[in-house]
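Q: quick one, structure for this:
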Amino acid sequence: MKSKKLVSLALSAAIAATLLSGCGGGSSNNSSSGTTETAVSSSDSSSDTSSDSGSESASSGEVNHDETYTVDFYNVAANFQGVQPGWYGKIVKDKFNMELNIIAPQVAGDNGALYQTRCAAGNLGDLIILDNGPASECVESGLIMDLTDIIKNYPNLMKFQSQIEQFNSQIGDGSKIYCIPLEMNNNGPTDYKQQHVYTYPRMGWDMYTEAGAPDLKNTDDLLDCLKKIQDAHPTNENGDPAYAISLWKDWDSQFSENVAQVTKWYGQEVNGSVLIGTDNSIKPLTDKDSAYYKMLKFFYKANQMGLVDPDSATQDWNEIVAKMQDKRIYLYWYSWQYGFWNSPARGEEGVNYVEIPVADTNLYQPSDTYYGDGRVLCVGSQVSDENLLRLMEFLDWYASPEGVQIQHAGTEGLTYTVGDDGKYVPTEDGLNRFSAEVAVPEDMGGGNWNDGNNMINQWIVASCDINPNTGEAYSDQLWSSTIAMNQTKTTKEWSEKFGAADDVEYLKKNNMMTVVPSINMSLAVDTTDISLAREQCGNAIKDASWRMFFASNDDDFEAQWDAMVEELNGLGWEDLVAFDTEKYQPVIEARKDAQ
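A: Model (predicted):
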C-alpha cells in the first residue's frame, strides 16, 4: 500500500461521523499478511443490488465464447499454482469457456524475482491481484488497464461504485478507474459484525475442560494449559504424533507471518518494519517492548516445553491443513481454521474448537473492510479488446449474488439447500467441506470438494455482505440456520462458563478488544534503496525468527535477537523504519479522526 496521496477531502467529514467497518477474517485459507486498511467516503453506493449476474445484458459489446480462453491470473493471494481444477473450474468453464491459469508468487518460490521478471516483460498477467502499493506502481508503469469507460456497464461491480472510486482517487491523477478493491461490502462502514474475532487463542473444548478449564491470565498460563493437553494426548486417535502448536513458512513475507498474526492479541499489527498499535502508536518491529518480540518469545517458550511440531521448519500450509483435519494440532489462532474441524455434530460431542480468553490481551481487531482489504484486482494492459469483454463479464459475475454465494458457501444441492422461507440451509457436506473428504458428483466436476475449491482465494465481495436473494450474509457461518445448528453442547457450556453469547461479545464486554477503523489507502511507494533494504531486512528477520523459535536456551534467544538487530542496522534498517513511520502516519491520522 503505497502512493503518498491522501484520501479525498470527503474523508475528513465522513470519518468524523462514523467508525469504519468491514468483514474481517475471510471464509477460507486466506493468507493475508497483516494490513487490512479501509478508506472512508461520504457516500454509500446507491446502485441496484438485485442483479444476479447481469453480465450478458451489461457488456459493452458482443462476447464470443467460441474459443477457450486461458486466463493468466497473477495472484499474490493464491496458495495454488496452475489451472483451476475441480468443481469451481467446471463452473467457470461451463459459464464462460474460460480456464484460470493461476500464477502464485508465494507458491513459485522467489516471489520478488517472479514479480520483477514479469514486470520487465511488460505483461504481469491478464487478471492481476496485488497489494495496494505494487498495484499503484504497476499503474504508473503502464501494466494495468484503464477500466474507466467500461466498468460502468457492469451493474454488479457498480454496486460498489463508491468504494471503487474512493480507492482509485488515490492513484494516478485520481480521475480514472484501474483497480477493484477486494473484500468490499455494502453493510456500511460502522462496526465489526462477526461472531468471531479474526485471530485469538482457540482450543478444543473437550481438551480444555479435561485440563481443568483454567482461567488464563497470560500466555504463560496458555502454554501451561497446552502442556497438560499435549501430555494427555501426545497422539491423535489414529496414533499420529500431535502437538500443541504447528508452524509453517510459506506465508512469510518480510517477517514470520505466524508471529505477525498473533501480535494482534497484544494490540499491535505488523506493517512492514513497524508495528501500529491500538493506541495509534508506531514502533519499530525491533523494539523489545513490541508485540513481535513478545510473541516470538511465546513460540520459543512453547518449543522449550516440547509443544512445537518438529515439522514446523519444513512443512507448508497444505500439510498444516491435513494435520488440522486429523486433529494433530491443539492451538488454532485464525477464525476460519474452525472450518477444518468444527461441525454441529462435533459440537454436540463437545469437541469443537472455541476461543479461550487470555485476560491480559487487548486484541487489535480491524473493522469490517467496507472499502477493501489492502489488495486489489486489475486487468493487465496487454489484454485484447475481445478478451477484455470476456474478463469483465467474468468479473461482473464474480461480484454477482450467484458468484459471491458460490465463493463463500459452495453450490446449491451439494453444500446447501433452499428452505421454504427462501433462506439457505447448509447440508452435512456443506458443514464438513473443509474438515472432511466431500466427494463432488461427476456432473459437477468430480473429485474432492476442497481440491476443487476456488483457488483465487480472494473475493471482490466480502462474506458478510448481504445476499439480496436471502436477506442474510453470504457466509454460511452467518446464516440463521447455521447459527441455530451451532447451538451445541460446546457453545452452551462455553457461554455458561464465560457469560457471553460468543467471543466478540465477551471481549467487548471485558474491554479486551479494540476495533480499529479500517483505512484502505494507497501509501508511499518504496524507492529503489528502500526496496532493497526492505528485501534484505525482511530476509534477515525471517531467518532470525525461525532460528529463535528453536533457540537452545534464553541466552541463545537473546543473543540471536541482538545479532538480528545488529545485522539489520547494517542493512539500512533505520532508514526503512523512518520511511514506514512516515508512510503509515496518514493511516494513524485517519483513524484518529474516525474514533
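
Q: if you average pLDDT per helix and strand, which one of this structure comes out bottom?
A: Ranked by mean pLDDT, DSSP states H and E, the weakest helix or strand in the chain is helix 10-17, scoring a mean of 27.

Q: any weak-confidence spans in the stretch 301-450 of the chain?
A: Along the stretch 301-450 of the chain, no part satisfies pLDDT under 70.

Q: contacting residues for Tyr243?
A: By C-beta atoms under 8 Å, 6 or more residues apart in numbering, the contact set of Tyr243 is 230, 307-309, 328-330. Using the backbone N, CA and C atoms, a C-beta is placed for each residue, glycine as well.

Q: and it, how far is that from Tyr330?
A: 7 Å (C-beta to C-beta, to the nearest Å).

Q: next one: Pro241
A: Distance from Pro241 to Tyr330, by C-beta to C-beta: 12 Å.

Q: who's more crowded, these two?
A: Neighbour comparison, Pro241 and Tyr330: the larger count goes to Tyr330, with 23 against 12 (by other C-beta atoms under 10 Å).

Q: related to what we said a few turns ago, make JSON lines out of the contacts of Tyr243 and add secondary structure and distance to Gly419.
A: What follows is the contacts of Tyr243, written out as JSON lines (DSSP: H, G, I helix; E, B strand; the rest coil; distance: C-beta to C-beta, whole Å):
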{"residue": "Gln230", "secondary structure": "helix", "distance to Gly419": "42"}
{"residue": "Leu307", "secondary structure": "coil", "distance to Gly419": "44"}
{"residue": "Val308", "secondary structure": "strand", "distance to Gly419": "45"}
{"residue": "Asp309", "secondary structure": "coil", "distance to Gly419": "42"}
{"residue": "Arg328", "secondary structure": "coil", "distance to Gly419": "36"}
{"residue": "Ile329", "secondary structure": "strand", "distance to Gly419": "35"}
{"residue": "Tyr330", "secondary structure": "coil", "distance to Gly419": "36"}
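
Q: moving C-terminal from the particular helix or strand that has Arg390 in it, which element do we reach first?
A: Here Arg390 sits within helix 385-398, counting by DSSP states H and E. Using DSSP H and E, the helix or strand that follows helix 385-398 in sequence is helix 401-409.

Q: elements contacting that following helix?
A: Identification of packing neighbours for helix 401-409 by 3 or more C-beta pairs under 8 Å, 6 or more residues apart in numbering; DSSP states H and E yields helix 385-398, strand 424-426, strand 466-467.

Q: make it 10 Å
A: Packing partners of helix 401-409 (3 or more C-beta pairs under 10 Å, 6 or more residues apart in numbering; DSSP states H and E): helix 86-96, helix 155-158, helix 385-398, strand 424-426, strand 466-467.

Q: just name the most buried of the ones you listed.
A: Highest mean neighbour count of the helices and strands packed on helix 401-409: helix 155-158, a mean of 24 (counted as mean count of other C-beta atoms under 10 Å).

Q: which residues do Tyr243 and Tyr330 both contact?
A: Applying C-beta atoms under 10 Å, 6 or more residues apart in numbering, one finds that Tyr243 and Tyr330 are jointly contacted by 226, 230, 233, 307.

Q: for those residues, give me a markdown table that also has distance to Glu582 and neighbour count.
A: Supplementary listing: the shared contacts of Tyr243 and Tyr330 in a markdown table, determined by distance: C-beta to C-beta, whole Å; neighbours: other C-beta atoms under 10 Å:
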| residue | distance to Glu582 | neighbour count |
| --- | --- | --- |
| Leu226 | 40 | 23 |
| Gln230 | 45 | 22 |
| His233 | 49 | 19 |
| Leu307 | 40 | 21 |
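
Q: count the residues that sit near the residue nearest to Glu257 when sequence neighbours are not counted.
A: In this structure, Glu257 finds its nearest non-sequential neighbour in Trp251, 4.1 Å apart by C-beta to C-beta, 6 or more residues apart in numbering. By the criterion of other C-beta under 10 Å, Trp251 has 20 neighbours.

Q: so for Trp251, what's the pLDDT?
A: Note for Trp251: predicted pLDDT of 91.

Q: and stretch 514-529, end to end?
A: End-to-end distance for stretch 514-529, by C-alpha to C-alpha, to the nearest Å: 36 Å.

Q: and it, what's buried?
A: Across stretch 514-529, burial judged by 16 or more other C-beta atoms under 10 Å covers 514-526.

Q: what do you get for stretch 100-120?
A: For stretch 100-120, the neighbour count (16+ other C-beta under 10 Å) marks 100-107, 114-115, 118-119 as buried.

Q: so for stretch 570-578, what gets flagged as buried?
A: Of all the residues in stretch 570-578, those buried under the rule 16+ other C-beta under 10 Å are 571-573, 576-577.

Q: try stretch 440-447
A: If you call a residue buried by 16+ other C-beta under 10 Å, then stretch 440-447 has these buried ones: 440, 444-445, 447.

Q: sorry, back to before: and the helix holding Arg390 with helix 401-409, angle?
A: Between helix 385-398 and helix 401-409, the angle comes out at 60 degrees (axes from the mean of the first three to the mean of the last three C-alpha atoms, to 10 degrees).

Q: helix 385-398 to helix 86-96, inter-axis angle?
A: Orientation of helix 385-398 against helix 86-96 (the same axes, to 10 degrees) gives an angle of 120 degrees.

Q: only alpha carbons, please: show helix 385-398 as CSV.
A: The C-alpha trace of helix 385-398 is given here as CSV (Å, rounded to 0.1, in the frame of the first residue of the first chain):
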residue,chain,number,x,y,z
ASP,A,385,-10.4,-5.8,-26.7
GLU,A,386,-12.2,-9.1,-27.2
ASN,A,387,-10.6,-10.7,-24.2
LEU,A,388,-11.3,-7.6,-22.1
LEU,A,389,-15.0,-8.1,-22.7
ARG,A,390,-14.7,-11.7,-21.5
LEU,A,391,-12.8,-10.7,-18.4
MET,A,392,-15.3,-8.0,-17.5
GLU,A,393,-18.1,-10.5,-18.0
PHE,A,394,-16.4,-12.9,-15.6
LEU,A,395,-15.6,-10.1,-13.0
ASP,A,396,-19.2,-8.9,-13.0
TRP,A,397,-20.3,-12.4,-12.3
TYR,A,398,-17.7,-12.8,-9.7
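
Q: please state the offset of that helix from the chain centre?
A: 25 Å (C-alpha atoms, centre = their mean, to the nearest Å).

Q: go on, stretch 100-115?
A: Mean-position distance between stretch 100-115 and its chain equals 18 Å (C-alpha atoms, centre = their mean).

Q: next: stretch 181-199.
A: Mean-position distance between stretch 181-199 and its chain equals 12 Å (C-alpha atoms, centre = their mean).

Q: ends of it, how far apart?
A: End-to-end distance of stretch 181-199 (C-alpha to C-alpha): 23 Å.

Q: likewise stretch 204-223?
A: End-to-end distance for stretch 204-223: 14 Å, by C-alpha to C-alpha.

Q: list the buried residues in that stretch.
A: For stretch 204-223, by 16+ other C-beta under 10 Å, it's 204-209, 211, 216, 219, 222-223.

Q: can I get the residues you listed in TSV including secondary structure and distance to Met145?
A: Output for those, formatted as TSV (three-state DSSP; distance: C-beta to C-beta, whole Å):
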residue	secondary structure	distance to Met145
Gly204	strand	48
Trp205	helix	50
Asp206	helix	53
Met207	helix	52
Tyr208	helix	52
Thr209	helix	56
Ala211	coil	56
Leu216	strand	51
Thr219	helix	48
Leu222	helix	49
Leu223	helix	51
